[in-house]
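Enquirer: Need coordinates for the below:
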Amino acid sequence: MLVIRKAQMEAFEKIAVRRFEDGLLDHLRTFFPDHAAVLGDQPLGRVIRYGLQRAQSRNVQTERGVYRYLALMFMLGSLFDEDPQLPWAAPQEPVTPPAVNEGETAESAPPPEEIPETPDAQIERVYGEAMGFLDQTAGPDNGHLHQTLNLLRQPQVFDGLPPAPSFGHRLLLLLQALAPAKYQALGDEPVRALVRSGYEAAKRHGFVTEPGMMNYIALAYVLGSGFDRDPVYPWAAATLSDPALVNPAQRSAVLRETALAYLAKCPPGCSHRAEQSAAVLEKADQPWLRIVEG
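Expert: Numbering: from 1, shown residues only. Just a heads-up that it's a prediction; the model follows:
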């Protein structure tokens, strides 16, 4: 009788994980070549491991589900499922059906709650919604996205806003000017939620002036609200934590310059979404971590 010891099982698991990470690496190099080239192999590997940890924390089990999760990180930002501007991407909490009380029959009891989606079914739904969202907001050929990036480079977009009754209104006007199709697709309340969270995050980084906050919230709008700690955009965290940039105004200016230089080489998203989606569909709809395959 063959006995597999714990150490052998751990070795098999490490090999399985390494093979799976190599497959993800090849996929990202193929469909996100600009990100892969700018990041380099080691940072890209860190993104993959971070994505696996996040997918596991969401209990995403299948190969296809994990590939979808990683792709969404590159298209919407690594913290897409925590982003206030994307409420439809947030994970749903499990629902416990109500119990049948004493004296009730199953027929007279309140109707059970709808059975919640499995995490893999949920990420499939979110992925489908994200593809429609990106077609509408980035454009089928990313034309809307390129227009947004061109506007982001122009200081007059920030300086030439019309009068508004409050700074919050000015921020909304800025985001609408930067990406009108995205603003319309998101709706007013998710955009306001992004502005509120971005306002608090900007203050934590020491940005308390209008220009500093505008710059920060504009980047959160384009890259995702968690861009300041997103391993897909390591330059953001490096700039925001640079001890040499003590002055907030200087730090904000360097953040803007660094972001524009990076985005010129590596715009967010995926220029071949349909092909990427087709490649994901070819992945197994089975648990990705398989030690012994039958």
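
Enquirer: who's in contact with N59?
Expert: P119 (C-beta atoms under 8 Å, 6 or more residues apart in numbering). In short, each C-beta sits where N, CA and C put it, glycine included.

Enquirer: where do the helices sit along this protein?
Expert: Taking DSSP state H, the helices of the chain run over residues 6-31, 33-39, 41-57, 63-76, 119-137, 143-152, 155-159, 167-178, 180-186, 188-204, 210-223, 234-240, 248-265, 273-281.

Enquirer: Please point out which parts of the last one sit buried.
Expert: So the one you mean is helix 273-281. R273, Q276, S277, V280 (16 or more other C-beta atoms under 10 Å).

Enquirer: My understanding was that the first one contacts M131; is that so?
Expert: Yep, that's R273 we're talking about. Yes - the pair formed by R273 and M131 meets the contact definition of C-beta atoms under 8 Å, at 6.2 Å.

Enquirer: tally of neighbours for Y233?
Expert: By other C-beta atoms under 10 Å, 28 other residues sit near Y233.

Enquirer: For it, give me the pLDDT.
Expert: Y233 carries a pLDDT value of 97.

Enquirer: Quick one: neighbours of the nearest residue to it once chain neighbours are set aside, just the number.
Expert: Spatial nearest neighbour of Y233, chain neighbours left out: F227 (5.3 Å); criterion: C-beta to C-beta, 6 or more residues apart in numbering. Using other C-beta under 10 Å, the number of residues around F227 comes to 25.

Enquirer: Could you report the pLDDT at F227?
Expert: 97.

Enquirer: Identify the residues contacting it.
Expert: With contact set as C-beta under 8 Å, 6+ apart, F227 has these partners: G77, L219, A220, Y233, A236.

Enquirer: I'd say the fourth one and V222 touch.
Expert: No - assessed by C-beta under 8 Å, Y233 is found out of contact with V222, at 10.6 Å.

Enquirer: Output stretch 248-255 as PDB, nothing but the C-alphas.
Expert: The C-alpha trace of stretch 248-255 is given here as PDB (Å, rounded to 0.1, in the frame of the first residue of the first chain):
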ATOM      1  CA  PRO A 248       2.400  67.200   0.500                       C
ATOM      2  CA  ALA A 249       2.300  69.500  -2.500                       C
ATOM      3  CA  GLN A 250       5.600  68.100  -3.800                       C
ATOM      4  CA  ARG A 251       4.400  64.600  -3.200                       C
ATOM      5  CA  SER A 252       1.200  65.200  -5.100                       C
ATOM      6  CA  ALA A 253       3.100  66.700  -8.000                       C
ATOM      7  CA  VAL A 254       5.400  63.700  -8.100                       C
ATOM      8  CA  LEU A 255       2.500  61.300  -7.900                       C
END
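
Enquirer: from now on call the first residue 20
Expert: Noted, 20 is the first residue going forward, which turns the last one into stretch 267-274.

Enquirer: And that stretch, how far out from the chain middle?
Expert: 24 Å (C-alpha atoms, centre = their mean, to the nearest Å).

Enquirer: Would you mind listing the buried residues in that stretch?
Expert: R270, S271, V273, L274.

Enquirer: What number of residues are in the vicinity of D53?
Expert: Count around D53 with other C-beta under 10 Å applied: 14.

Enquirer: I'd say it and P287 touch.
Expert: No - counting by C-beta under 8 Å, D53 does not reach P287; the two are 9.6 Å apart.

Enquirer: ok so, going back, can you flag the buried ones in the contacts of F246?
Expert: Neighbour counting with 16+ other C-beta under 10 Å marks G96, L238, A239, Y252, A255 as buried within the contacts of F246.

Enquirer: And the last one, how close does it get to R68?
Expert: I take that to be A255. 19 Å (C-beta to C-beta, to the nearest Å).

Enquirer: likewise Y202?
Expert: Relative to R68, Y202 is positioned 34 Å away (C-beta to C-beta).

Enquirer: ok, the two, which is more surrounded?
Expert: Between Y202 and R68, counting by other C-beta under 10 Å, Y202 is the more crowded of the two (20 against 14).
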